[in-house]
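In: Would you be able to build a 3D model of this:
(2 chains)
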Amino acid sequence: MSAAYSKRALSTRASAHHAVAAEKYLWVVSLAGIFFVWETIVRLGIVPGSKIPAFTATVATLASSLFDAQFLTRVAQSFLNLSGGILIALALALPLAMFAGLRNRLDVAMTPMIMLGGALPDIALLPVLVLLVGSGNAAAITIAAFSAFFPMYFTIREGTKDIPKDLFHVAAVFNTSRFDTFRKMILPAVAPQLFTGLRLAYDFVWEIVLAIEIFSGVAGIGSYISGAVETGEVTHAFAAILAVGALAIIVDRLVFGRAEKWMRRWID
Amino acid sequence: MDEAVDRLSYQMELRNVCKEYGQTEQSITAIQDVSFALNRGEFACVVGPSGCGKSTLLKMAAGLDTPTSGEIRFCGEPVKGPHPKISMVFQSFALFPWRTVAGNVEYGLEAHGIPRAERIDSVQKYLEMVGLAGYSHLYPKQLSGGMKQRVGIARALAVDPEVILMDEAFSAIDEFTAETLREEVADIHSQTQKTFVLVTHNLVEAVELADKIIVLSSRPARVKKILDVDLERPRDKTHSEFIHAHKSIFALLKEELETTIARRKIKKIPEFEKLSDIEAES
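Out: Okay, the predicted model is just below:
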């Protein structure tokens, strides 16, 4: 919304250039506002510092945690749980969803079953899963893969179905091999939906990975947070939460930001 | 022996091509006994009412679909699938939106395994031919319909085919642009001497471009008439000869159209159904 607005402003009035540049960094102002309110609430004693540490204290702890090997290991473990799960889900969802999108009969046979699986509540499955695979990182990766699979399956399937028939005709007329049809035609054509699915999955999976780490004590930043809360080191817990948030945003910008930039060049 | 030589001399030949859809019990005939032959370098237009199956016919010629019976031959050989020397232009342009203008034109060359350096030269050559030399880095979304179709034509030409099949290639473009594009296609045809087959429902377009017009009936598609257009090129639509040719072709078609309508009316009376069937067979 704001991007579309700023684009229009750019093309119509050159003088609005500075205003547009300012608008682009408006989020910095709002973020600073939130941090200011947070700091003030704690400083004025509206909320006791033992329950919620001040913003500055949290940042200070986070800064020292960045040199703490144990903290970094925990963050890395969570990130591996998350990425492992997403990669497994992608490896399964991509071929299945594409075949379902290309072959109607397969779609009719398979998709209702997958819908049923997607309707199962992920969080409720946690205890059952722990019973099956134990409460190690394998459990975290499995549940991450499980929750990542469904959004990716459905978006990729839709994307494949939406490919215009004539694009397949183009591939066929020029005698494109099966592999090249996949690589040069189907894959780029579904890229927008693929990234939508990946992003949805990425958001879901962060939450589910933290949940299993907290509830089943799987090694990771989730269990680090719950451990810190239990031992009364609230500042450490807050620093970890802040770190997870920052990491999620950085990866989002690095992966999806770039993908978006590429797709904006050619999507109508 | 003579027949074999004869067949080879045709660039493309359709022999009793039929297309049926559905199960044998309730099959629908889309195309019935369509036969015609094209010489090398000829510009043929297949005209007929919308939905008569002319696009299906073109898809079969491209090897994208197979006839239920009958056969399609290219240089004497039966067409059994897409052929490297048969290329196609689509009504929907069918460009890859994630590829630039140059990337789209390059696609067919890539698929044919042509080395990169050679591809770049060809792309440049054919973009120049369609008047898009300065636009190679743009994406399809930045182009108008007419420019998109120029890319489609350059892509089809780039693989150096012998036959170019055009499926309603000018129908999704505004008339002003379409007119210029038709003139350019006529130029490209006389320059390259490739065989063109254009499917269209636009009769003026057919008279403007064609050496041969194949008129199809409404579903099931049958060959109504094959007309030769002996007008000099380049053709001027305002020239009296053009208008005369258009008039006489239109008169022929009108006759055909009227018999079709009359036959339809007869068909509604059961007693005459047999009569109209006999007429159709003859």
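In: Tell me where the stretch 151-282 of chain B has strands.
Out: Counting by DSSP state E, counting those that start in this stretch, the stretch 151-282 of chain B has strands at residues B:163-167, B:195-200, B:212-216, B:223-228.
In: Dump the ones you listed into TSV; add mean neighbour count as well.
Out: Bear in mind the C-beta positions are built from the backbone N, C-alpha and C, glycine included. Converted to TSV, these look like this (neighbours: other Cβ atoms under 10 Å in any protein chain shown):
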stretch	mean neighbour count
strand B:163-167	25
strand B:195-200	26
strand B:212-216	22
strand B:223-228	16
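In: Show me the one of those strands that comes nearest residue A:67.
Out: strand B:163-167 (66.1 Å; Cβ to Cβ).
In: which residues sit against that closest one?
Out: If you take Cβ atoms under 8 Å, 6 or more residues apart in numbering or on different chains as the criterion, strand B:163-167 is touched by B:11-12, B:55, B:58-59, B:61-62, B:74, B:85-91, B:156-157, B:185, B:194-199.
In: Any regions of the stretch 1-150 of chain B where pLDDT drops low?
Out: B:1-8, B:24 (pLDDT under 70).
In: repeat that for 80
Out: Counting by pLDDT under 80, the stretch 1-150 of chain B has low-confidence residues at B:1-9, B:22-27, B:49-52.
In: Show me what from chain A comes close to chain B.
Out: A:164, A:166-167, A:169-176, A:180, A:184-185, A:188-189, A:191, A:265-268 (Cβ under 8 Å from any Cβ of the partner chain).
In: Weed out the non-buried ones from the residues you listed.
Out: A:166-167, A:169-176, A:184-185, A:188-189, A:191, A:266 (16 or more other Cβ atoms under 10 Å in any protein chain shown).
In: which ones are touching the nearest residue to residue B:22 once chain neighbours are set aside?
Out: Spatial nearest neighbour of residue B:22, excluding adjacent residues (Cβ to Cβ, 6 or more residues apart in numbering or on different chains): residue B:28 at 5.6 Å. Residues in contact with residue B:28 (Cβ under 8 Å, 6+ apart) are B:20, B:21, B:22.
In: now, which of those residues sits nearest residue B:136?
Out: residue B:21 (41.6 Å).
In: who does the closest one bridge with?
Out: Residue B:21 has these beta-bridge partners by DSSP bridges: residue B:28.
In: Quick check: the gap between it and residue B:56.
Out: The gap separating residue B:21 from residue B:56 is 9 Å, by Cβ to Cβ, to the nearest Å.
In: Common neighbours of these two, please.
Out: Shared contacts of residue B:21 and residue B:56, defined by Cβ under 8 Å, 6+ apart, are found at residue B:30.
In: re the thing from before, in strands, which of the buried ones among the residues of chain A next to chain B appear?
Out: Judged by DSSP state E, strands contain none of these.
In: Grab the two from those that are most spread out in space.
Out: A:175 and A:266 (24.8 Å).
In: tell me the helices in the stretch 51-200 of chain B, going along the chain?
Out: B:54-61, B:101-111, B:116-129, B:145-158, B:175-192 (DSSP state H, counting those that start in this stretch).
In: show me where the stretch 1-150 of chain A has helices.
Out: So, for the stretch 1-150 of chain A - with DSSP H, counting those that start in this stretch - the helices run A:2-12, A:17-24, A:26-43, A:55-65, A:69-102, A:104-119, A:122-133, A:137-161.
In: what do you get for the stretch 151-268 of chain A?
Out: With DSSP H, counting those that start in this stretch as the criterion, the stretch 151-268 of chain A has helices spanning A:165-173, A:178-180, A:187-216, A:221-230, A:234-251, A:258-266.
In: In the stretch 101-250 of chain A, where is pLDDT below threshold?
Out: A:122, A:134-135.
In: Can you tell me the closest non-neighbouring residue to the most centrally placed residue in chain A?
Out: Relative to the mean C-alpha position of chain A, the nearest C-alpha, by Cα atoms, centre = their mean, is the one of residue A:202, at 2.2 Å. Excluding its sequence neighbours, the residue lying closest to residue A:202 (Cβ to Cβ, 6+ apart) is residue A:86, at 6.6 Å.
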